[in-house]
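>>> Got a sequence here, can you build the structure:
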Amino acid sequence: MNDVGATNGCFVFASGFTGFACPSGLAFGWSFKGDEVIGGAVPSDRPVALHFESFGKEPTGRVAVFDCSKSLIRNRPMPDSADSGGSEYSKVAYPGAADPFIHPRQIQFMARCFGLSPAPLEGCRVLEIGCADGTNLLPYAEMFPDSRFVGFDLVAERIEEANHQAQQLNLQNAEFRTANVRDVDTSWGKFDYILCPGVFSWSTDEEREAVLRVCRENLSPGGSAVVSWNVRPGWDLRGIVRHFIRQHVQAFASVDQKVVEARKAVEFLARCTPDEIPASRVYREVCETLRTSSDYYLYHDFITDFNQPLYFREFNDRLVKHDLQFVCEADMAQVAALGLSSEAQQTLARTRIPEREQLLDYLVNSSYRRSMLTHAETPLNRQIDYRVTAGAYVALAEPVRNLNIRPDSREPVTLQYSSGSFTMIEPLGKAAMIYLAGIYPAPVEIDRLYQESIRLLPEAFHSPAKDDPDSLTEGQTVMARSMLAAFGAGLIRMCVSPPPISQMISDRPRVSAFNRLRAEQGRMLVSQWHQSVPRLSAEERFLIRQLDGNANHDQLNDRLKEFRFSASAGDGSRPDSSASPSLQRMLLRLAVDRSLLIE
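This next block holds a predicted model:
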């Protein structure tokens, strides 16, 4: 900042900001009015909130006052009452979300990679701690009718919603309870998979200990639990923004107003902090995150008292205390840590747990983990063997841009996708990507993928027949290694129990009963790969409600025309069939772009 002057205790900056030095018991304030800056000392018993205008708007002359007699950005202690935690959560309760990385399908394959013998998903028992309205568990229950699913949450209204949806779907294998994690004991039984998303860092110390106790006492032998939590050092930088937001919103009474003002405050930081200030990058990254994040996320991560990030070594110490051990991250891309230098990779490779994970968090500035746990006495194998791919199913995680590949060439080809890039050399791996792109988003068993990929290659690239029927050919080994590498890069999905999903449109298309119900309710849908499905139009929601596998294309067309006519009559417009997408195009979008079609 240049041209800084001081007169009568008032510091005037060239930016047009005026701050006033003041004695204890007074506050300093400023207001914006055109190009004029007005400020003055006011009694500290008259706190007035600082209002940041929305992005791109001019200041409107509102006054901001801060109390100088006490720090507003001090570290407030975490309340040690569990009731406080429940009250805070109930103010802005999570509506439920779908996370593909904590799906038992993902956990099952990751457990297999690390030497565990995970339970089959057909006939297993699953517990979710903090299940909200059941959005995570209900699709499981429909997909695996012979398994048992139990979820609980602090907020009774959310549990009522979950149980009501289970009744509407006639799901006898799903049960939802109102409870605190401290209420769970051995009478609840054993579970093959325990899921704990969005709870651990956002609870009291007593509740965090209870989460780990449940993972120890209620997890079946050899079972797997997944706990998500906020991580230091990444959250240390985000904590700067959190402190700023909490300082700002204390002056506002309602939760809604706090959230609105928090967004404005972060936008202000992002656009007004000079580039040469190191924190400016953090402000902009958080701002970008919050622009696409829900109010629930903003409130619980940046406003409430309950957000306790930990270093990995601190988290691991707690695991040891409860006779648990860290297995891996539920996201293989986090395990692989691609993109680091060869020196960093070599150092990580020769470093043991927990030091490896702590070092990794420093190297990549981790701020969030989904950590898989198991009992301390359960044997693990941290050297992932490519043979874990035997019998696995493979699918592209997303459409790959610019898939212009010559599979019969050993020239490096770099594939671009949303989370990065992946370079391939092996012709067989390239052929596999071409085949997977052609069937996206459907999965294929890896042996069939190998056979289909071989067909795309000249005979010179074929492997000789194997003598031992239980061994892999050279080509199959190349395929297994290539797919594991792509899995580690986040380019493909791998699983043992694939979802029913089709990119082909049948004569009588069908989506899940869960998604038909959610379309009727106007709520968030969940894809067959267990991802949230955003931004559905009214026409798409109407069509989804019709896709129960009974209506053929002619019947669906008639219903769609009737819906469009009714909608146009409601707003006084004339239906324009030429401007409306065809049934075939809408179905294709639901199949390929949304991954919703079962058949």
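>>> Flag the shaky bits of the stretch 1-150 of the chain, pLDDT-wise.
Applying pLDDT under 70 to the stretch 1-150 of the chain picks out residues 1-94.
>>> scratch that, the chain
Applying pLDDT under 70 to the chain flags the ranges 1-94, 402, 460-471, 570-579.
>>> Next, name the residue at the spatial heart of it.
Asp99 (5.4 Å; C-alpha atoms, centre = their mean).
>>> Find the nearest non-adjacent residue to it, please.
Leaving aside its sequence neighbours, Asp99 sits nearest to Pro197 (C-beta to C-beta, 6 or more residues apart in numbering; 5.8 Å). (Each C-beta comes from the backbone N, C-alpha and C, glycine too.)
>>> can you give me phi and psi for the one you found?
When read as degrees, to the nearest 10, the backbone of Pro197 gives phi -90, psi 140.
>>> from here on, count from 23
In the new count, where the first residue is 23, that last one comes out as Pro219.
>>> if we can go back for a sec, separation between the residue nearest to the centre of the chain and Cys218?
11 Å (C-beta to C-beta, to the nearest Å).
>>> Then Leu458?
Noted for Leu458: a distance of 32 Å to Cys218, by C-beta to C-beta.
>>> Distance from the top strand by length along the chain to the middle of the chain?
Longest strand in the chain, counting residues (DSSP state E): strand 241-252. Relative to its parent chain, strand 241-252 has a centroid offset of 17 Å by C-alpha atoms, centre = their mean, to the nearest Å.
>>> What strands flank that strand, and is each parallel or antiparallel?
strand 213-218 (parallel), strand 390-397 (antiparallel) (DSSP bridges).
>>> Please identify the deepest-packed of the ones you listed.
Across those, averaging neighbours per residue (mean count of other C-beta atoms under 10 Å) puts strand 213-218 on top, at a mean of 26.
>>> For that one, give me every contacting residue.
When contacts are defined by C-beta atoms under 8 Å, 6 or more residues apart in numbering, strand 213-218 is touched by residues 124, 126, 129-130, 140-141, 146-152, 158, 172, 233, 236-237, 240-242, 245-250.
>>> Same question for stretch 470-486.
Here stretch 470-486 makes contact (C-beta under 8 Å, 6+ apart) with 416, 429-430, 449-450, 453-454, 456-458, 466, 495-498, 501, 505.
>>> cool, and stretch 188-199?
Here stretch 188-199 has contacts from 153, 156, 159-160, 163-164, 166-175, 181, 184-185, 535-536, 539, using C-beta under 8 Å, 6+ apart.
>>> What remains of these if I keep only buried residues?
Among the contacts of stretch 188-199, those scoring as buried are 153, 156, 159-160, 163-164, 166, 169-175, 181, 184-185, 535-536, 539 (criterion: 16 or more other C-beta atoms under 10 Å).
>>> quick one, what contacts Arg538?
Neighbouring residues of Arg538 by C-beta under 8 Å, 6+ apart: 566-567, 569-570.
>>> For Thr373, see how far away it is.
Distance, Arg538 to Thr373, by C-beta to C-beta: 50 Å.
>>> swap in Phe324?
For Phe324, the distance to Thr373 equals 33 Å [C-beta to C-beta].
>>> More neighbours: which of these two?
Applying other C-beta atoms under 10 Å to Phe324 and Thr373 shows that Phe324 carries more neighbours, namely 26 against 14.
>>> shouldn't the more buried one be in contact with Phe266?
No: using C-beta atoms under 8 Å, Phe324 is not in contact with Phe266; the gap is 9.1 Å.
>>> Okay, strands next: where are they in the stretch 273-422 of the chain?
346-351, 390-397, 415-418 (DSSP state E, counting those that start in this stretch).
>>> Pipe those into JSON lines and attach distance to Ser528 per row.
Converted to JSON lines, the strands of the stretch 273-422 of the chain look like this (distance: least, C-beta to C-beta, whole Å):
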{"stretch": "strand 346-351", "distance to Ser528": "37"}
{"stretch": "strand 390-397", "distance to Ser528": "35"}
{"stretch": "strand 415-418", "distance to Ser528": "19"}
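>>> Which among those strands is found nearest to Gln550?
Smallest distance to Gln550 across the strands of the stretch 273-422 of the chain (C-beta to C-beta): 10.3 Å, for strand 415-418.
>>> Quickly run through the sheet partners of that closest one, with directions.
When DSSP bridges is applied, strand 415-418 pairs with strand 466-467 (antiparallel), strand 514-517 (antiparallel).
>>> Tell me which of the ones you listed approaches Pro255 most closely.
Among the strands paired with strand 415-418, strand 514-517 sits nearest to Pro255 (C-beta to C-beta), with 30.1 Å.
>>> what does the closest one contact?
For strand 514-517, the surrounding residues in contact (C-beta under 8 Å, 6+ apart) are 127-128, 130-131, 411, 414-419, 458, 465, 505-506, 508-509, 551.
>>> before we move on, what about stretch 575-593?
Residues outside stretch 575-593 that contact it (C-beta under 8 Å, 6+ apart): 529, 531, 560-561, 564-565, 568-569, 573, 596-597, 599, 602, 605-606, 608.
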